[in-house]
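J.: sequence isn't available, so here's the structure alone:
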């Protein structure tokens, strides 16, 4: 996986966790109008993820050749505790397994941290006088991010997070759609991230497809397309596809595994 992925996702999550308003009314419409598996009743989820081309990549880049199946098993328990296991590799290979987990973890964090708006309500924002429905974070000398601006769309859904540090700027944009199963709620379907720094532009598009499992809308597929360019010339491109399957919802299996592994 491209070396920029973890860094980019960290910037997004960092921007989100610091982009909070001291007045929850700014995000009230967003919370009421967006679909959340947690609100829909998901409290305990066990599922698997398979990554297109991963087995071939492991065979090509390591001495491991006898792989019949290779996948990640996720154990998630409300409000956000989870464990990841890599299944299908021989015993050992701790470093390889850790690296593989880090490849998929940021995308799962994005999807299953749907209650992140509540975190936003700890840090003060003020109205941006230059643009309607925009808010800027009050100055904070202790933060490594020098400025953060959030923007809501015409429905008051979170549409943009712009963060600026001494080394880079990151613009994250969010798109939503209504689904037949979402009971009138808007479902997050796409995230577009553009990071600029040191003459490099990293553009990432994350498309999320969901299906209904046990009455709850959950990811079935995530596609990631990424390009890195300098001076408008593309340096590298990459694609990643995560396939979600074998959901066990509210069976207690995830909770038992996490408790037993402590």
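T.: Right, received. Where do you want to start? Model, not experiment: these values are computed from the prediction.
J.: for residue 254, which non-adjacent residue is spatially closest?
T.: The spatial neighbour of residue 254 that comes closest, neighbours along the chain excluded (Cβ to Cβ, 6 or more residues apart in numbering), is residue 75 at 3.9 Å. Where you see a C-beta, it was placed from the backbone N, CA and C, and this is true even at glycine.
J.: across the sheet, point out what pairs with that neighbour.
T.: Beta bridges link residue 75 to residue 46, residue 83 when assigned by DSSP bridges.
J.: give me the distance between it and residue 26.
T.: The gap separating residue 75 from residue 26 is 34 Å, by Cβ to Cβ, to the nearest Å.
J.: equivalent analysis for residue 167, please.
T.: Taken as Cβ to Cβ, the spacing of residue 167 relative to residue 26 amounts to 28 Å.
J.: quick one: which of the two has more around it?
T.: Neighbours of residue 167 and residue 26, each counted by other Cβ atoms under 10 Å, are more numerous for residue 26; the result is 21 against 8.
J.: and that one, what pLDDT?
T.: As predicted, residue 26 sits at a pLDDT of 82.
J.: repeat that for residue 262.
T.: Among the per-residue scores, residue 262 holds a pLDDT of 79.
J.: do the same with residue 10
T.: With respect to pLDDT, residue 10 has a value of 37.
J.: mind listing what's buried in stretch 159-168?
T.: The neighbour-count check on stretch 159-168 (16 or more other Cβ atoms under 10 Å) flags 159-165, 168 as buried.
J.: make CSV from those and add secondary structure and pLDDT to it.
T.: As requested, the buried residues of stretch 159-168 are exported to CSV (DSSP: H, G, I helix; E, B strand; the rest coil; pLDDT from 0 to 100):
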residue, secondary structure, pLDDT
159, strand, 94
160, strand, 93
161, strand, 89
162, strand, 91
163, strand, 89
164, strand, 90
165, coil, 88
168, coil, 93
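J.: next, format those as TSV and append distance to residue 211.
T.: Shown next, in TSV, are the buried residues of stretch 159-168 (distance: Cβ to Cβ, whole Å):
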residue	distance to residue 211
159	25
160	28
161	27
162	32
163	32
164	37
165	38
168	36
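J.: tell me which stretches of the stretch 151-262 of the chain form helices.
T.: All helices of the stretch 151-262 of the chain, identified by DSSP state H, counting those that start in this stretch, fall at 253-261.
J.: the stretch 1-150 of the chain too?
T.: For the stretch 1-150 of the chain, the helices identified by DSSP H, counting those that start in this stretch occupy 4-18, 25-33, 54-61, 94-112, 117-120, in order along the chain.
J.: just how off-centre is the second one within its chain?
T.: How far helix 25-33 lies from its chain's middle: 20 Å, per Cα atoms, centre = their mean, to the nearest Å.
J.: what is it packed up against?
T.: Counting contacts by 3 or more Cβ pairs under 8 Å, 6 or more residues apart in numbering; DSSP states H and E, helix 25-33 packs against helix 117-120, strand 147-152.
J.: now do the longest one, average pLDDT.
T.: In this model, strand 147-152 has an average pLDDT of 89.
J.: run the angle between that strand and helix 25-33 for me.
T.: For strand 147-152 against helix 25-33, the angle between stretch directions is 50 degrees (axes from the mean of the first three to the mean of the last three Cα atoms, to 10 degrees).
J.: mind listing residues that contact strand 147-152?
T.: If you take Cβ atoms under 8 Å, 6 or more residues apart in numbering as the criterion, strand 147-152 is touched by 15, 18-19, 26, 29-30, 125, 128, 131, 133-137, 158-164.
J.: in it, which residues are buried?
T.: If you call a residue buried by 16+ other Cβ under 10 Å, then strand 147-152 has these buried ones: 148-152.
J.: from the middle of its chain, how far away would that strand be?
T.: 18 Å.
J.: any regions of this structure where pLDDT drops low?
T.: Along the chain, the model assigns pLDDT under 70 to residues 1-24, 113-123, 139-145.
J.: find the centremost residue of it, please.
T.: Relative to the mean C-alpha position of the chain, the nearest C-alpha, by Cα atoms, centre = their mean, is the one of residue 110, at 1.9 Å.
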